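*Asks:* how would this look folded up:
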Amino acid sequence: MRYLSLFLVCALLSCNVSAADAFTVQLEMKDGELIPGTLTVPANTRIRIEVHNSGNSPAEFESTQMRKEKVLAPGAKSVVVIARLRPGQYSFFDDFHLDHPAGLVIAE
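*Replies:* From the prediction side, this is the model:
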């Protein structure tokens, strides 16, 4: 029983350490507008994008290059976690507002 408790404590601590390894950026989606339009992140680091839909219509964070999508109702907040990116540029867009410019993640 003592070993099980020690194992659980170690497992919980390792989860907290891995969550701290992620680089966090903020993204606001407002009726097709992406604020900011460019997110600069470190390469080879796990990324957390905290997304807030401050608009009056649904929004969908989508990136075919990063293989991620997340639908948000008006006023909703969520997190998109992206695996380590190689240096480069990766586009994303609001799939509900394709008439607006796409955003860009720059990993450097």
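*Asks:* ok, F96 - contacts?
*Replies:* 32, 57-60 (CB atoms under 8 Å, 6 or more residues apart in numbering). Heads up, the C-betas are built off the backbone N, CA and C, glycines and all.
*Asks:* ok, and the most crowded of those residues?
*Replies:* Neighbour tally across those (other CB atoms under 10 Å): the maximum, 27 neighbours, falls on A59.
*Asks:* how close does that residue sit to L98?
*Replies:* 12 Å (CB to CB, to the nearest Å).
*Asks:* repeat that for D31.
*Replies:* 13 Å.
*Asks:* per-residue confidence at L4?
*Replies:* With respect to pLDDT, L4 scores 47.
*Asks:* kindly report the same for Q65.
*Replies:* With respect to pLDDT, Q65 scores 94.
*Asks:* out of the contacts of F96, which is nearest to V25?
*Replies:* Closest approach to V25 among the contacts of F96 (CB to CB): A59, at 16.5 Å.
*Asks:* what sits opposite that closest one in the beta ladder?
*Replies:* L72 (DSSP bridges).
*Asks:* relative to V51, how far out is the nearest residue to I47 once chain neighbours are set aside?
*Replies:* The shortest distance from I47 to any non-neighbouring residue, by CB to CB, 6 or more residues apart in numbering, is to I82 (4.2 Å). Distance, I82 to V51, by CB to CB: 12 Å.
*Asks:* got the contact list for the helix or strand containing M29?
*Replies:* Here M29, judged by DSSP states H and E, is contained in strand 23-30. When contacts are defined by CB under 8 Å, 6+ apart, strand 23-30 is touched by residues 34-36, 39, 41-42, 45-55, 59, 61, 72, 94, 103.
*Asks:* I'd like the next helix or strand past that strand.
*Replies:* Counting by DSSP H and E, the element after strand 23-30 in chain order, helix or strand, is strand 33-35.
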